[in-house]
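Engineer: Please work out how this folds:
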Amino acid sequence: GSGFQPVVFHMGLDALEFAKTATIDAAVIDIHLPDINGLVLSQKLREALGPDIAIIVLSGDTSMQTLKSLPHVGATYFFSKPVHAAQLIERLQSLVAPR
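Structural biologist: Next up is the predicted model:
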């Protein structure tokens, strides 16, 4: 496989709680979540994780408003949907330092 062990959350706040206690290498966030905006989640994760953990944001929304907000919420990289798994894994591998 890709060498990654994904932990999937359907609710952003659950992911945030997990990230506060677990050691993670990267976060992949959809902007449209049932409970919290993914951009808000990205900002909260960046605060919780510090500057070095990769945060990749996914969305079908490629408006300038969304794209311009990405640096402000600590996103490392943006993928527009549909996302090809191989591209996502390749990007993760380039962003996550091997241990």
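Engineer: Okay, buried residues for the strand or helix carrying Ile89 please.
Structural biologist: Assessed by DSSP states H and E, Ile89 sits inside helix 85-95. For helix 85-95, the neighbour count (16 or more other C-beta atoms under 10 Å) marks 88, 91-92, 95 as buried. For glycine as for every other residue, the C-beta is placed from the backbone atoms N, C-alpha and C.
Engineer: what residues does that helix touch?
Structural biologist: Counting contacts by C-beta atoms under 8 Å, 6 or more residues apart in numbering, the residues outside helix 85-95 that touch it are 2-4, 25-26, 28, 54, 56, 76-77, 79.
Engineer: ok, the one residue sitting closest to the centre of the chain - contacts?
Structural biologist: Centroid check for the chain by C-alpha atoms, centre = their mean gives Val28 as the closest residue, at 2.8 Å. The neighbours of Val28, taking C-beta under 8 Å, 6+ apart as the test, are 56, 58, 88, 92.
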